[in-house]
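Colleague: Kindly return the folded structure for what I paste below:
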Amino acid sequence: MALADASRRRLVQRLAQGECRVGDLAAPFDISLAAVSKHIKVLEGAGLVRRRVAGREHYCALVPEHLGGALDWITIYR
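Modeller: From the prediction side, this is the model:
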């Protein structure tokens, strides 16, 4: 599951505040930009994040409507 990893949950938490450049998104992490990029790709694959390219800059945005499935699954185990 895409949200099983703590780093990916932190990325989603940051993206809940709005669209962000990948470099800015990676800045607070103590892992490489390449590692953050892999986490973003997992989130994109799950449909939770959308990427937009403007020139050389890559921007990510949360797709909050796709979090419903995770919420439904988590609610079962409350």
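Colleague: Now tell me what touches stretch 8-18 from outside.
Modeller: Outside of stretch 8-18, the residues within contact range by CB atoms under 8 Å, 6 or more residues apart in numbering are 2-3, 20, 25, 28-29, 36, 39-40, 42-43, 48-49, 60-62, 64, 67. Bear in mind the C-beta positions are built from the backbone N, C-alpha and C, glycine included.
Colleague: Filter those down to the buried ones.
Modeller: Those of the contacts of stretch 8-18 that meet the buried threshold are 2-3, 20, 25, 36, 39-40, 42-43, 48-49, 60, 62, 67, by 16 or more other CB atoms under 10 Å.
Colleague: all strands of the protein, in order?
Modeller: If you assign secondary structure with DSSP state E, the strands in the chain sit at 20-21, 49-54, 57-62.
Colleague: Pick out the most distant pair among the buried ones among the contacts of stretch 8-18.
Modeller: Checking those against each other with CB to CB, the farthest-apart pair comes out as 36 and 67, at 20.0 Å.
Colleague: about what we covered before: list just the nearest of the buried ones among the contacts of stretch 8-18 to residue 73.
Modeller: Checking the buried ones among the contacts of stretch 8-18 against residue 73 with CB to CB, the nearest one is residue 3 at 9.6 Å.
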